[in-house]
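Participant: Structure, please.
(2 chains)
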2 protein chains.
Amino acid sequence: MKAVVLLSGGLDSYTAAAAVRAEGYDLSALTVRYGQRHATEVDAARRVASALGISRHVELDVDLGAVGGSSLVGEGAIPTGGLSAGIPSTYVPARNTIFLSLALALAEVTQSQAIVIGANVLDYSGYPDCRRDYLEAFERMAALGTRAGVEGQPVRILAPLLHLTKAEIIGLGRKLGLDYGLTHSCYSPGEEGEPCGVCDSCRLRAKGFAEAGVVDPVVRSR
Amino acid sequence: MKAVVLLSGGLDSYTAAAAVRAEGYDLSALTVRYGQRHATEVDAARRVASALGISRHVELDVDLGAVGGSSLVGEGAIPTGGLSAGIPSTYVPARNTIFLSLALALAEVTQSQAIVIGANVLDYSGYPDCRRDYLEAFERMAALGTRAGVEGQPVRILAPLLHLTKAEIIGLGRKLGLDYGLTHSCYSPGEEGEPCGVCDSCRLRAKGFAEAGVVDPVVRSR
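Facilitator: Numbers count the residues shown, from 1 in each chain, chains lettered A, B, ... in the order given. Model prediction:
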């Protein structure tokens, strides 16, 4: 069995990839460079792909900054005041749909049966494109719109972390022997890639490590 | 009402855009440069956008050649032997899904109610991602995965040419006063952008003009 994993360089996609690999899937990886303000995420994705022994790692540039609409692609400041209700300004319009579509193309070309995404219940807080019913709708659309689907081999969307908390994800990763020191989560890192500690992503990560009772190796090493 | 049109520079997307504009939509346009072998299509898209009076025309680069899997992005020769049954080598894996996803992002940012795509019954011959049930499945997925959808303003997919033949499309375009001399359809043009005349796209176009009883201005001018 083969699968394409959407690898961001964060701890979720690393853990999701490792969990699916442990089920026997042979992995290819796709990292989308979509107009992040810095390359730290992409460097982390390369380290993670290497640690997972992935030989085919495709990096694609898509300049979502030309589309706009998100603080993650340069519009307005990244929020640092803590998590709040509703859809945050870091929401990138249609991001997971774009990422899954590109992964769908790679899945067809590599004759993979599945796409792996690290979406989870915490990301779900405010991001509509991390929900189960959305992912199932994507799967149905993909079955109708691809050669593989028409030929009776539809691509499945695997989201093994969907209902796990960040602490549970970290616990799973430890069981799988993952090195989270390779990963990067911050939305707004410093010049040397150091996490800011105050964006939503840093806050979620810190909370997860604290609840898991584990020291974050990225923070410890600094 | 506002809509985002996927503008390729071909006559279908030009006609679809004009038909929707005639219904009162204010248009933005998206052209995806996806690793075509040449820039002729993009030049045509710019001419068409200008003719339609579109002020916001976003061009996005997505290097689908890095993914591969199609003669349209450089793998193998473009077929020239005439149309045949089944999915042709010019099928680009997940292409319309990728294009619609990027248009969905632009639709969210521009607060558009619809996306316009020139898919039609002829393209359907062999391309799974030009069928009604696929487009409806995309619409359902988009309603679940976007801020607009969650907030009760789902984006609709408009495919006004879906059940028209190429000759009927050309007839519609003439009624709308369109100048098909601006457009480009060939998969494999010469150095100065001249159509090859033998690829599937040139054959479909020639057949359409012949059946419509109209001289193709692109061919006439050469």
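
Participant: Report the strands that pair with the longest strand along chain A, each with its relative direction.
Facilitator: If you go by DSSP state E, chain A has its longest strand at strand A:26-33. Here strand A:26-33 is paired, per DSSP bridges, with strand A:2-6 (parallel), strand A:57-61 (parallel).

Participant: now chain A, which segments are flagged as low pLDDT?
Facilitator: Counting by pLDDT under 70, chain A has low-confidence residues at A:36-38, A:73-75, A:83-88, A:123-126, A:220-222.

Participant: Break down it into its helices, ranges please.
Facilitator: Secondary structure of chain A (DSSP state H): helices located at A:11-22, A:40-51, A:95-109, A:132-145, A:147-150, A:166-175, A:200-212, A:217-220.

Participant: so the longest one versus strand A:2-6, what angle?
Facilitator: The one in question is helix A:95-109. 150 degrees (axes from the mean of the first three to the mean of the last three Cα atoms, to 10 degrees).

Participant: Format the strands paired with strand A:26-33 as a markdown table; extra columns: mean neighbour count.
Facilitator: Heads up, the C-betas are built off the backbone N, CA and C, glycines and all. Output for the strands paired with strand A:26-33, formatted as a markdown table (neighbours: other Cβ atoms under 10 Å in any protein chain shown):
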| stretch | mean neighbour count |
| --- | --- |
| strand A:2-6 | 25 |
| strand A:57-61 | 18 |
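
Participant: Could you dump those into JSON lines and include distance to B:Gly68?
Facilitator: Output for the strands paired with strand A:26-33, formatted as JSON lines (distance: least, Cβ to Cβ, whole Å):
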{"stretch": "strand A:2-6", "distance to B:Gly68": "13"}
{"stretch": "strand A:57-61", "distance to B:Gly68": "9"}
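
Participant: Count the residues that sit near the nearest residue to A:Glu211 once chain neighbours are set aside.
Facilitator: Nearest residue to A:Glu211 in three dimensions, chain neighbours excluded: A:Ala167, at 3.6 Å (Cβ to Cβ, 6 or more residues apart in numbering or on different chains). For A:Ala167, the count of nearby residues is 17 (other Cβ atoms under 10 Å in any protein chain shown).

Participant: A:Ala167 contacts A:Arg205, doesn't it?
Facilitator: No. A:Ala167 lies out of contact with A:Arg205 (Cβ atoms under 8 Å); the separation is 10.6 Å.

Participant: what residues are up against A:Gly213?
Facilitator: Applying Cβ atoms under 8 Å, 6 or more residues apart in numbering or on different chains to A:Gly213 gives no contacts.

Participant: What separation do you get for it and A:His57?
Facilitator: Distance check for A:Gly213 against A:His57: by Cβ to Cβ, to the nearest Å, it reads 33 Å.

Participant: got it, and A:Ala39?
Facilitator: Counting by Cβ to Cβ, the gap from A:Ala39 to A:His57 is 15 Å.

Participant: same question, A:Asp133
Facilitator: 30 Å.

Participant: Show the end-to-end separation of stretch A:104-120, please.
Facilitator: Distance between the two ends of stretch A:104-120: 20 Å, counting by Cα to Cα, to the nearest Å.

Participant: That one close to chain B?
Facilitator: Yes. Shown here: stretch A:104-120 in contact with chain B (Cβ under 8 Å from any Cβ of the partner chain) through A:Leu104, A:Ala105, A:Leu106, A:Glu108, A:Val109.
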